[in-house]
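[1] Predicted coordinates and the sequence they were generated for:
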Amino acid sequence: MSEIKITDLSFAYKDQPNRLILKDINIEVEHGEFVCLLGPSGCGKSTFLRLLAGLEDPTGGTLEMNGKPLKGSSLDRSVVFQDYGLFPWMTAGENIMLALQQKYPKKPKKELKEVALNMMKEVGLDKSVFKKLPKALSGGMKQRCAIARSLSIDPPILLMDEPFGALDAVTRAKLQDLLISLWNHEEEKKTVFFVTHDVDESMLLANRILVFGQSPSNIIYDKKIPEDLKITRETIFENSKILELRNELINHINRDVADHTTIGQNG
């Protein structure tokens, strides 16, 4: 059974019911897949993620998780946002502890603090950060904290909405490598949905890439990356098969943009 099954999914905001953002999306995702949602800005990727998170309700169609309707938010699905989502009046440690206390309300605070500190160490944060407010942290440190918070509650599904989009290139690369390392070394891999408009980022991270077309958006291309095609920073511009895949993804996006531009001009 697929972990996530989406059937004929459509979405429009209630104040604009005739303007569909997403239309007729059908997809099944197996447990442990790392799925990148790729496409140009404004094509509905983040909206799709919000539907998975239960933060929005579909206009039409169904979303199922392990054969049951997916409704509302849940600690089984943790979200990492581009803007970090940290409460500014709480320390980094308190932000992580808040999630842990929701997941494990009966566990002693001392035990949860140990979990938080261990997870901070996993994402490369010194224990001194625990007592610092978000305003005292760099963008990279804030995002490490947000990742630590999401992973600390051990959700089977991790939803990431352009989490590295606002970071400088070096910090972004470090956090990409961190995420790959954490996911690869899990005994039971989480299912990850990662929103990006960066083709290279999607290839470095994912073992499956879904390309979203222009609004009203659906999935115009679904590519599973073979296990034997190891994509790294060293091979992404050197391996001929990887370059072919990269061009394939770019061509699908560009062709869709061109088709919609032509339709707009003819209309």
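    Received it, and whenever you're ready, just let me know what you need.

[2] Quick one: the helices in the stretch 51-200 of the chain, in order.
    Ranges of helices in the stretch 51-200 of the chain, per DSSP state H, counting those that start in this stretch, are 92-103, 109-122, 139-152, 169-184, 199-205.

[3] Ranking those by mean neighbour count, which comes first?
    helix 139-152 (a mean of 24; mean count of other C-beta atoms under 10 Å). Placement of C-beta: from N, CA and C, glycine included.

[4] what's that helix in contact with?
    The contact list for helix 139-152, computed with C-beta atoms under 8 Å, 6 or more residues apart in numbering, reads 78-81, 84-86, 92, 95-96, 98-100, 115-116, 119-120, 122-125, 129, 134, 137, 158, 163-164, 166-168, 171, 174-175, 178-179, 182.

[5] quick revisit: redo the helices of the stretch 51-200 of the chain as TSV? Include mean pLDDT and distance to I21.
    Output for the helices of the stretch 51-200 of the chain, formatted as TSV (pLDDT from 0 to 100; distance: least, C-beta to C-beta, whole Å):
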stretch	mean pLDDT	distance to I21
helix 92-103	94	29
helix 109-122	93	34
helix 139-152	92	25
helix 169-184	90	27
helix 199-205	94	21
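
[6] Same list, those, but as a markdown table with distance to D8 please.
    Shown next, in a markdown table, are the helices of the stretch 51-200 of the chain (distance: least, C-beta to C-beta, whole Å):
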| stretch | distance to D8 |
| --- | --- |
| helix 92-103 | 33 |
| helix 109-122 | 38 |
| helix 139-152 | 30 |
| helix 169-184 | 30 |
| helix 199-205 | 25 |
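
[7] quick one, which of the ones you listed is nearest to L55?
    helix 139-152 (14.8 Å; C-beta to C-beta).

[8] and the angle for that closest one with helix 92-103?
    20 degrees (axes from the mean of the first three to the mean of the last three C-alpha atoms, to 10 degrees).

[9] Against M203, how distant is E244?
    With distances defined as C-beta to C-beta, to the nearest Å, the gap from E244 to M203 amounts to 11 Å.

[10] quick one: terminal-to-terminal distance for stretch 206-225?
    Taking C-alpha to C-alpha, to the nearest Å, the first and last residues of stretch 206-225 lie 8 Å apart.

[11] pLDDT of that stretch, averaged?
    For stretch 206-225, mean pLDDT rounds to 92.

[12] Give the buried residues for it.
    For stretch 206-225, burial by neighbour count (16 or more other C-beta atoms under 10 Å) applies to 206-221, 223, 225.

[13] Looking at those, which are in helices?
    With helices taken from DSSP state H, there is no overlap with those.

[14] Let me see the domain layout of this protein.
    Residue ranges for the domains of the chain, per automatic domain parsing: 1-76+171-255, 84-154.

[15] So S10 lies in a strand, does it not?
    Yes - S10 forms part of a strand when assessed by DSSP: H, G, I helix; E, B strand; the rest coil.

[16] residues contacting it?
    Residues in contact with S10 (C-beta under 8 Å, 6+ apart) are 20, 22-25, 58-61, 216.

[17] which one in those is the model shakiest on?
    P216 (85).

[18] That one and M65, how far apart?
    To M65, P216 is 24 Å away according to C-beta to C-beta.

[19] what do you get for A173?
    According to C-beta to C-beta, A173 and M65 sit 32 Å apart.
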